[in-house]
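Enquirer: this one's structure only:
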């Protein structure tokens with residue numbers, strides 16, 4: 001992957017990061033777990049940021065050539081459900097910092113990664129058909145996965161009666 005392509009991906013991640021800050025910083029810790037529609041469980045901000053934060057450290061480690069845990073085993077990994085108990089999650093600003101910091105770390109690692117590293121097979125068997133090498137992961141996790149869930153966060157805000165960001 002060309003260095004310029006990496007810069008574009010990391011630049012787009014940084015825009016998503018800033019968008020996330022704009023959506024989350026004004027919230028209270030109580031709002032982070034609110035369910036605005038009676039009888040419907042939405043992915044609320046605390047779950048979304050916790051879920052995405054399960055993947056950031058994994059991405060950073062792999063892009064540094066270090067071993068990483070499969071996020072499937074995370075408390076907030078795939079298949080987990082949002083809880084309205086705020087004690088389940090880190091406080092809002094701490095959670096936001098964990099999310100943005102882990103992906104910023106991964107971004108720096110991606111910019112510095114060698115082509116040899118990016119061409120290594122992914123260590124998690126369950127992902128190999130979708131992501132044959134580490135070089136497939138940055139687009140998935142900086143952009144697609146993050147944008148999917150941050151879109152949910154934007155919709156949650158609107159359901160809460162908040163203005164768009």
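Expert: Okay, I see it. Computed from a predicted structure; not experimentally measured. Numbering: from 1, shown residues only.
Enquirer: could I get the contacting residues of residue 117?
Expert: Listed by C-beta atoms under 8 Å, 6 or more residues apart in numbering, the contact set of residue 117 reads 63, 65, 134. Glycine gets a C-beta too; all of them are placed from N, C-alpha and C.
Enquirer: quick check: the residue nearest to the spatial centre of the chain vs residue 61, distance?
Expert: When C-alpha atoms, centre = their mean is applied to the chain, the residue found nearest the centroid is residue 52 (2.9 Å). According to C-beta to C-beta, to the nearest Å, residue 52 and residue 61 sit 16 Å apart.
Enquirer: ditto for residue 106
Expert: 9 Å.
Enquirer: the two: who's more crowded?
Expert: When neighbours are counted by other C-beta atoms under 10 Å, residue 106 and residue 61 differ, and residue 106 comes out ahead with 27 against 17.
Enquirer: so the more buried one touches residue 66, yeah?
Expert: No. The pair formed by residue 106 and residue 66 falls short of the contact definition of C-beta atoms under 8 Å, at 11.5 Å.
Enquirer: sec struct for residue 66, please.
Expert: What DSSP: H, G, I helix; E, B strand; the rest coil gives for residue 66 is coil.
Enquirer: in contact with it, which residues?
Expert: Neighbours of residue 66 in contact, by C-beta under 8 Å, 6+ apart: none.
Enquirer: could you do the one 5 residues further on as well?
Expert: Residue 71 makes contact with 54, 55, 58, 77, 78, according to C-beta under 8 Å, 6+ apart.
Enquirer: if we use 6 Å, what do you get?
Expert: 54, 55, 58, 77 (C-beta atoms under 6 Å, 6 or more residues apart in numbering).
Enquirer: next one: residue 63
Expert: Contacts for residue 63 (C-beta under 6 Å, 6+ apart) come out as 106, 109, 110, 113.
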